[in-house]
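> Pasted the sequence and its predicted model underneath.
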Amino acid sequence: EVQLVESGGGLVQAGGSLRLSCYASGVSFDNYAIGWFRQAPGKEREEVSCFHGGTGRIKYVNSVKGRFTISRDNAKNTVYLQMNGLKLEDTAVYYCAARLTRAASYGYWGQGTQVTVSS
């Protein structure tokens, strides 16, 4: 059974940093893509970053390039999202999600963790 548990959210001032963690049980990173998504109030959910398990390819949405870094620790079954230079517009609930690399959509989701950036 696949389970995803996020942690690391919180309140931070603009320009600060946070590191989100996604512990993924029941997942072999070689066969899954792990994505970080976020949803702000009144906005659609967007994919922030993805780590493709099969190819190791990484992608970011343009708005976070150069500020956010996705990484994984295979031994800990954990994927991280290091967020630096946080901006007010980064405020959202952040979710990690998993899909088999051959799947078209994400089928497994965590419960989400709130990130609030203050001025």
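Arrived safely.
> contacting residues for Pro41?
By CB atoms under 8 Å, 6 or more residues apart in numbering, no residues touch Pro41. C-betas here are computed from N, CA, C, even on glycine.
> Check the gap between it and Val48 for me.
If you measure Pro41 against Val48 using CB to CB, to the nearest Å, the figure is 16 Å.
> ok, now Val79?
12 Å.
> Identify the contacts common to these two.
Both Val79 and Val48 are in contact with Trp36, where contact means CB under 8 Å, 6+ apart.
> Phi and psi next, for Val64.
Backbone dihedrals for Val64, given as degrees, to the nearest 10, come out at phi -120, psi 0.
> all strands for the protein, in order.
3-7, 10-13, 18-25, 32-39, 46-52, 58-60, 68-73, 78-83, 92-100, 108-109, 113-118 (DSSP state E).
> In TSV: the ones you listed, plus mean neighbour count and mean pLDDT.
Output for the strands of the chain, formatted as TSV (neighbours: other CB atoms under 10 Å; pLDDT from 0 to 100):
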stretch	mean neighbour count	mean pLDDT
strand 3-7	17	97
strand 10-13	12	98
strand 18-25	19	97
strand 32-39	22	97
strand 46-52	19	96
strand 58-60	15	97
strand 68-73	17	96
strand 78-83	22	98
strand 92-100	22	97
strand 108-109	16	98
strand 113-118	17	98
